[in-house]
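>>> Quick one, what's the 3D model for this:
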Amino acid sequence: MPAPGSAAARRVLPVWAGLLLAVFAGLLMPLQGRVNGGLSTAMDDGAGAATVSFATGLIVMTVLSFALPAGRRGLAQARAALRDRDFPRWYLLAGVLGAYLVLGQASAVPLIGVAVFTVAVVAGQTISGLLVDRIGFGPGGRRAVTVRRLTAAVVMVLAVAWAVSPRMTPGSDGDPGPLLPVLLPFTAGLLMGFQQAMNGTQAARYGTPITATLFNFAAGALVLATAWAVKVLVGGGTASWPGEWWLYTGGLFGCIFIAIGAVLVRSLGVLVSGLCMIAGQLVGSLAIDLVLPAPGTIIAPATVLGTLVTLGAVVLASLPGRRPR
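I've put the predicted structure just below:
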């Protein structure tokens, strides 16, 4: 394993390559959302669909960890890193934060809608990206909260709100939704920055994102399986298992997304990585709605223009600047 401060540990991707890779990772999330949404509808159980998605991701990462030389080396490095306490052992629970987001999605979306949920998550994720970079929690070290980066963060949140505004449907009394369900996705977004930093730190210590992603899915699958078991025991009922094989591929998209994020936080920092992935998600969502529109899909000028503004926010945040000593 590369020692901290060594040439191997400092090796990072070029900024342009990192930006493209982050946007690509973001493009995968709408595909995962469409697949998991279809599985949830077929099973008529959101918690069960989330558990299946994490479980399939765990299976994929387990196979890769033992089949690939890099995966086997990562497992060996993980044992050494945990033995030597290269990082706090509670970093292994990063997947629990991802499970919290999934459970929040299942609980809050029916109450506040997808659009408000998205804005709340993005707002929390952007704030946590600034905070994590500022305190140097991630493997990329400290990054100053400059006026340019702060402006880019604000522009990103406003652009996402603009892009999803056509889908914001207030209730009969004009209230877009209760405050408490909005706090759930907002806090989940706040935790996302720390999850990325924890995964990135592990990937740097293991020398591969494969092992970090494996642990991420293991922790998340355990939490979701427990929550689903409690739900079944309390509410009763049995799951309905669809026959379409592609409905079980959501975990594969999650594997790629988490692995890329674990690599990118070293090169781009948590804030820029998050902004790139957010932009990629909107671009991917727009492309899917154009090519494979779902019932009730709305594509308004605000959706297109807001998506383009998010790309501008990414460019603004990624402009070179001085890093703090």
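>>> what residue ranges in the stretch 51-200 of the chain score low on pLDDT?
Scanning the stretch 51-200 of the chain with the threshold set as pLDDT under 70 gives 106-107, 109-110, 113-115, 168-180.
>>> the strands in it, which residues?
If DSSP state E, counting those that start in this stretch is used as the criterion, the stretch 51-200 of the chain turns out to lack strands entirely.
>>> got the residue ranges for the helices in it?
Remark: helices assigned in the stretch 51-200 of the chain by DSSP state H, counting those that start in this stretch are 69-84, 94-135, 147-164, 179-206.
>>> Kindly reformat the ones you listed as a markdown table and extend each row with mean neighbour count and distance to residue 228.
In short, each C-beta sits where N, CA and C put it, glycine included. Output for these, formatted as a markdown table (neighbours: other Cβ atoms under 10 Å; distance: least, Cβ to Cβ, whole Å):
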| stretch | mean neighbour count | distance to residue 228 |
| --- | --- | --- |
| helix 69-84 | 16 | 27 |
| helix 94-135 | 22 | 10 |
| helix 147-164 | 20 | 29 |
| helix 179-206 | 23 | 18 |
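>>> which one of the ones you listed lies closest to residue 313?
For those, distance to residue 313 was read as Cβ to Cβ. The smallest value, 4.1 Å, belongs to helix 147-164.
>>> Could you list every helix and strand that that closest one packs against?
helix 94-135, helix 250-291, helix 301-318 (3 or more Cβ pairs under 8 Å, 6 or more residues apart in numbering; DSSP states H and E).
>>> Now do that helix against helix 250-291, angle only.
Direction vectors for helix 147-164 and helix 250-291, defined by axes from the mean of the first three to the mean of the last three Cα atoms, to 10 degrees, enclose an angle of 70 degrees.
>>> what's in contact with helix 147-164?
If you take Cβ atoms under 8 Å, 6 or more residues apart in numbering as the criterion, helix 147-164 is touched by 114-115, 118-119, 122-123, 126-127, 129-130, 143, 271, 275, 278-279, 282, 302-303, 305-307, 309-310, 312-314, 316-317, 319, 321.
>>> so where's the stretch 201-325 of the chain shaky on pLDDT?
By pLDDT under 70, the weakly predicted segments of the stretch 201-325 of the chain are 237, 294-298, 321-325.
>>> 90 instead?
Scanning the stretch 201-325 of the chain with the threshold set as pLDDT under 90 gives 227, 230-244, 247, 250-251, 254, 257, 261-308, 310-325.
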